[in-house]
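Q: Fold the stuff below for me.
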Amino acid sequence: MKETVDSESVRRAVREGYGRIAQAENGGCSGGVSCCGSGPEDSAKLANYIGYSVEELAALPEGANMGLSCGNPTALAALKSGEVVLDLGSGGGFDVFIAGRKVGAAGRGIGVDMTPEMLARARKNIAPYRERSGLDNVEFRLGEIEHLPLADDSVDVVVSNCVINLSPDKPQVWREIARVLKPGGRVAVSDLALLKPLPPGVREMVEALVGCVAGAVLVEETERMAREAGLTEIRLKTKKDYLEAMTDWKDPLYLKIVAHLPPGAKAGDYVTSLEVSARKAADAAQPR
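A: Alright, predicted model coming up:
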């Protein structure tokens, strides 16, 4: 997909957009269910729809679920006790807090986010997480997912939920994933991807960018980037019904996107929720 704006402009738009979401009282920016953020009731509805259990959601600190998900990467990752899990673009800490309970006291959940307001929101939730879970095993670091503040070969699992599509340098994100994973480590990503290129009018909408759509790339491009980063056992699963549900729920952002599509077209004709799983080879050397 041809870039229409420079990388720093994209980062600035995303940082500012998610900063506003983090500071909003209800955790959302559009008043509906979307990757742009939602109020508490719609956030719970979305999380249930994409596979998070009632028990997982009930155990979360207040405000951690902001309706920013497009899948359930912690379930896809099949997390085990004692593992170190990294969440790219951790937002309010939603998947980190869920992962922390799954990996237990011997494991660790680490979130990285480039938005200071999101980081502050997540860190504020650490205390209630400790009180509810009895665990002291999560942390949040400021940083860009293209330049992760972690050492080589340091995590067992990398997860990410509707974030990589926002990056202006996705190949670098996948290289960083491969770098920080331990040999034999695995990836579980939920993202938005394209089944075919978006019309220019949609691709250039700032609202669509912050809503995770404009930055999405073709499914086959995602597979290529993961493979070129050195990952193996790459599996991709498309879930078109996610976008159909978004428009069924009358989310303003997605209704605006649909309005810019060709007559008769649906958002699900272009955009899909994509589950990506992969592994770093057990004998992998760091790419140079």
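
Q: For the spatially closest residue to Arg15 that is not a sequence neighbour, give its distance to Lys280.
A: In this structure, Arg15 finds its nearest non-sequential neighbour in Thr115, 5.3 Å apart by C-beta to C-beta, 6 or more residues apart in numbering. Quick note: C-beta positions are derived from backbone N, CA and C, even for glycine. According to C-beta to C-beta, to the nearest Å, Thr115 stands 28 Å off from Lys280.

Q: and the two? which has more neighbours close in?
A: Lys280 (25 against 22; other C-beta atoms under 10 Å).

Q: Identify the bridge partners of the closest residue to that one other than its chain neighbours.
A: Nearest residue to Lys280 in three dimensions, chain neighbours excluded: Leu181, at 4.3 Å (C-beta to C-beta, 6+ apart). In this entry, Leu181 is beta-bridged to Val155, by DSSP bridges.

Q: quick one: the residue nearest to Arg15 from Gly109, how far?
A: 18 Å.

Q: Likewise for Lys240?
A: 30 Å.

Q: Look at these two and report which has more neighbours.
A: Gly109 (30 against 17).

Q: I'd assumed that one was in a helix, is it?
A: No - using DSSP: H, G, I helix; E, B strand; the rest coil, the secondary structure at Gly109 is strand, not a helix.

Q: What residues sit buried inside whichever strand or helix holds Phe140?
A: Using DSSP states H and E, Phe140 sits within strand 138-142. Of the residues in strand 138-142, Val138, Glu139, Phe140 count as buried by neighbour count, 16 or more other C-beta atoms under 10 Å.

Q: what packs against it?
A: helix 94-103, strand 108-113, helix 116-124, helix 126-133 (3 or more C-beta pairs under 8 Å, 6 or more residues apart in numbering; DSSP states H and E).

Q: Output the second one as PDB - backbone C-alpha positions only.
A: Pointing back at strand 108-113 there. Provided in PDB are the C-alpha atoms of strand 108-113 (Å, rounded to 0.1, in the frame of the first residue of the first chain):
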ATOM      1  CA  ARG A 108       5.600 -11.900  34.000                       C
ATOM      2  CA  GLY A 109       3.400  -9.600  31.800                       C
ATOM      3  CA  ILE A 110       5.100  -6.600  30.200                       C
ATOM      4  CA  GLY A 111       3.300  -4.000  28.200                       C
ATOM      5  CA  VAL A 112       4.900  -1.400  25.900                       C
ATOM      6  CA  ASP A 113       3.000   1.600  24.700                       C
END
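
Q: before we move on, back to that, output the helices and strands packed on strand 138-142 as JSON lines; include the columns mean pLDDT and distance to Thr74.
A: Listed next are those as JSON lines, based on pLDDT from 0 to 100; distance: least, C-beta to C-beta, whole Å:
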{"stretch": "helix 94-103", "mean pLDDT": "95", "distance to Thr74": "5"}
{"stretch": "strand 108-113", "mean pLDDT": "97", "distance to Thr74": "9"}
{"stretch": "helix 116-124", "mean pLDDT": "92", "distance to Thr74": "15"}
{"stretch": "helix 126-133", "mean pLDDT": "95", "distance to Thr74": "15"}
